[in-house]
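S.K.: Sequence first, predicted coordinates after that:
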Amino acid sequence: MRIKTSLAATIVILALSWAPGAAAEQQSTSGDATASKNQSFSPFVDAKGNITRPQSFREDWVHIGSWFVGKDDQASGPGVHDVYADPSAVKAFQADGKWPDGAVLVKEIRSIEEGPKTTGHAQWAGDIGVWFVMVRDRHNRFPDNTAWGEGWGWALFTTDSPNTSTTDNWKGEGFNNCFGCHVPAKNTEWVFIEGYPTVRDAAKYDAQ
């Protein structure tokens, strides 16, 4: 009797484990090996190297510094440039002096507003213009994706395209010409580290 009961219990367990719902759950858990591996690299990069814009960086990330580019004939990107990094990347940089694999930097550029205030003539950040996103890749994961180069993924998002990058080639034209803008920072991992007091003192290279 005990043998029959044990056998019946085993059959029920096997039947439940192979139910359609359980099988579907098992399949979705395993997933595609490449996608799973890439997801562990960065939640903002898909298996083909397409970059998405982090949504809550102002609320949850670390503000590492700001740039103020005035309105003049020489300025290619006038505005207030606030730069954020994901918290784990900041901790790693402060410990090691380098941007870790998978680090994400977000630059949000806003217009410059100005006017008289009680402290004097003031300037402040206005409306959003564009967002730049950089993702550190130390293993050359996407050699065929031209939005990746020199160990970084490069992406530009506009207010007209806030969720899809407009960068097809990191050596593109206009605002998409990441290469041209970042040449002076080649020796500091292509990042203008001197503008980021949150991390610059820990840097293992000299700012140019």
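M.R.: Cool, got the structure. Residues are numbered from 1 along each chain as shown.
S.K.: So, low pLDDT: which residues of this structure?
M.R.: 1-39, 73-76, 207-208 (pLDDT under 70).
S.K.: mind giving me the domain ranges of it?
M.R.: In terms of domains, the chain is parsed into 1-30, 33-202 (source: automatic domain parsing).
S.K.: Which strands or helices does the helix or strand hosting S88 pack on?
M.R.: For S88, the element it lies in under DSSP states H and E is helix 87-96. Helix 87-96 sits against strand 62-69, with contacts defined as 3 or more C-beta pairs under 8 Å, 6 or more residues apart in numbering; DSSP states H and E. Where you see a C-beta, it was placed from the backbone N, CA and C, and this is true even at glycine.
S.K.: In the sheet, which strands lie alongside the strand it packs on, parallel or antiparallel?
M.R.: strand 79-85 (antiparallel) (DSSP bridges).
S.K.: what angle separates the partner strand from helix 87-96?
M.R.: Angle between the axes of strand 79-85 and helix 87-96 is 80 degrees (criterion: axes from the mean of the first three to the mean of the last three C-alpha atoms, to 10 degrees).
S.K.: which SSE is the residue lying closest to N169 once chain neighbours are set aside in?
M.R.: Of all residues not flanking N169 in the chain, T146 sits nearest, at 4.2 Å (C-beta to C-beta, 6 or more residues apart in numbering). Take DSSP H and E as the rule and T146 turns out to sit in neither a helix nor a strand.
S.K.: Tell me how far T146 lies from T198.
M.R.: 31 Å (C-beta to C-beta, to the nearest Å).
S.K.: quick one: contacts for the closest residue to P87 other than its chain neighbours?
M.R.: Leaving aside its sequence neighbours, P87 sits nearest to V62 (C-beta to C-beta, 6+ apart; 5.5 Å). Taking C-beta atoms under 8 Å, 6 or more residues apart in numbering, we find V62 in contact with 84-87, 90, 198.
S.K.: So R141 versus A47, what's the distance?
M.R.: In terms of C-beta to C-beta, R141 sits 9 Å off from A47.
S.K.: With neighbour numbers in mind, choose between the two.
M.R.: It is R141, of R141 and A47, that has more neighbours when counted by other C-beta atoms under 10 Å, with 19 against 16.
S.K.: hang on, the earlier thing: the helix holding S88: how far from the chain's middle?
M.R.: Computed by C-alpha atoms, centre = their mean, to the nearest Å, the chain-centroid distance of helix 87-96 equals 15 Å.
S.K.: Tell me the helices and strands packed up against the next helix or strand after it.
M.R.: Where DSSP H and E defines the elements, the next helix or strand beyond helix 87-96 is strand 104-117. Secondary-structure packing of strand 104-117 (3+ C-beta pairs under 8 Å, 6+ apart): helix 57-60, strand 79-85, strand 120-136.
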